[in-house]
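> sequence plus the predicted model coming up.
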Amino acid sequence: MAAGLLGQKLEMTQIYDNEGQVIPVTVVKAGPCVVVQIKTGSKDGYNAVQLGFKVLKESKFNRPSKGHFSKNKIKPHRYLREFRLNKTENYQIGQSIEVSTFRAGDVVNVSGHAKGKGFQGVIKRHGKHGGPASHGSRFHRTTGSIGQRTSPGEVFKNMKLPGHMGTQRVTVRNLEIIAVKNEDHLIYLKGSVPGAKNGFLVIESCDPDFESRISKSEVSEDKKIEAKEGEPKKILTEPK
């Protein structure tokens with residue numbers, strides 16, 4: 001797993017490039033995240049960093065959770081996620097990782113939980129065609145044959161049948177960052193991401209240079225929405 005940030009889906013909107021083309025974007029609040037724990041190969045068998053997002057009241061947590069945070073004198077956070085890394089030298093306990101580590105033009109993978117759809121049939125759940133719609137047909141939206149009779153006398157595993165749809169973990173890969181708004185901790189991703197409004201997201205960077213930016217994340221002077229250095233500026237108007 002690559003390094004990244006934790007975030008929250010806010011809304012979808014649209015912005016224009018300098019050619020007047022509409023770009024659909026998802027507005028995501030990314031960070032600030034706090035380094036809660038650092039794991040090393042010598043002690044834990046692998047290198048990883050655990051990030052916390054969204055501070056909550058201490059009364060919302062049980063004693064084991066309180067102890068995990070108080071051990072390093074960190075306020076309790078609602079979300080905890082671990083990122084496996086090649087090295088952890090750029091991280092320290094209590095360090096704040098902010099959205100300024102991302103750049104416009106970067107590519108990321110976004111994971112979240114899809115919206116729940118409830119109990120659905122095979123047409124919506126699996127995309128089946130259904131039966132004939134004309135007069136005389138005995139089925140329209142139900143599934144067809146699901147097996148034989150005496151032999152084998154059972155329904156095989158993985159048969160596509162009606163059932164609960166949604167709420168599973170979904171990862172959308174290779175989403176481009178159109179803009180970064182450091183002062184509001186916002187990033188604008190091209191296209192859609194899984195989940196409902198205010199849903200929790202894990203944002204993983206695909207940029208091999210991402211980890212090298214971590215040490216500079218707290219002193220970043222970039223407060224404008226700009227394209228990657230050496231590339232044409234893509235934003236005509238700043239998103240609101």
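Happy to help now that I have it. Numbers count the residues shown, from 1 in each chain.

> helix/strand/coil for the residue of the chain positioned farthest from its centre?
For the chain, the residue at maximal distance from the C-alpha centroid (Cα atoms, centre = their mean) is G136, at 47.8 Å. Under DSSP: H, G, I helix; E, B strand; the rest coil, the three-state class of G136 is coil.

> for the closest residue in space to S96 that isn't next to it in sequence, give me phi and psi.
Spatially, and ignoring its direct neighbours in sequence, S96 is nearest to P32 (4.9 Å; Cβ to Cβ, 6 or more residues apart in numbering). Every C-beta, even on glycine, is put in place using the N, C-alpha and C of the backbone. Main-chain dihedrals, P32, degrees, to the nearest 10: phi -70, psi 140.

> what about P32, neighbour count?
Per other Cβ atoms under 10 Å, the neighbour tally for P32 reads 18.

> separation between it and Q148?
The span separating P32 from Q148 equals 59 Å under the rule Cβ to Cβ, to the nearest Å.

> coming back round to it: how much space between the residue nearest to S96 and G94?
In terms of Cβ to Cβ, P32 sits 12 Å off from G94.

> what's the answer for H135, then?
On the measure of Cβ to Cβ, H135 and G94 end up 71 Å apart.

> looking at these two, which one has more neighbours?
Neighbour count, other Cβ under 10 Å: between H135 and G94, G94 has more, with 10 against 5.

> on that earlier part again, test my guess that the residue nearest to S96 contacts I97.
Yes - between P32 and I97 there is a contact at 6.7 Å, judged by Cβ atoms under 8 Å.

> helices along the chain, start to end?
Along the chain, counting by DSSP state H, helices occupy 41-44, 63-70, 122-126.

> so which of those helices is the most packed in?
Mean neighbours per residue, mean count of other Cβ atoms under 10 Å, is largest over the helices of the chain for helix 122-126, with a mean of 15.

> for it, packing partners?
Judged by 3 or more Cβ pairs under 8 Å, 6 or more residues apart in numbering; DSSP states H and E, helix 122-126 is in contact with strand 163-165.
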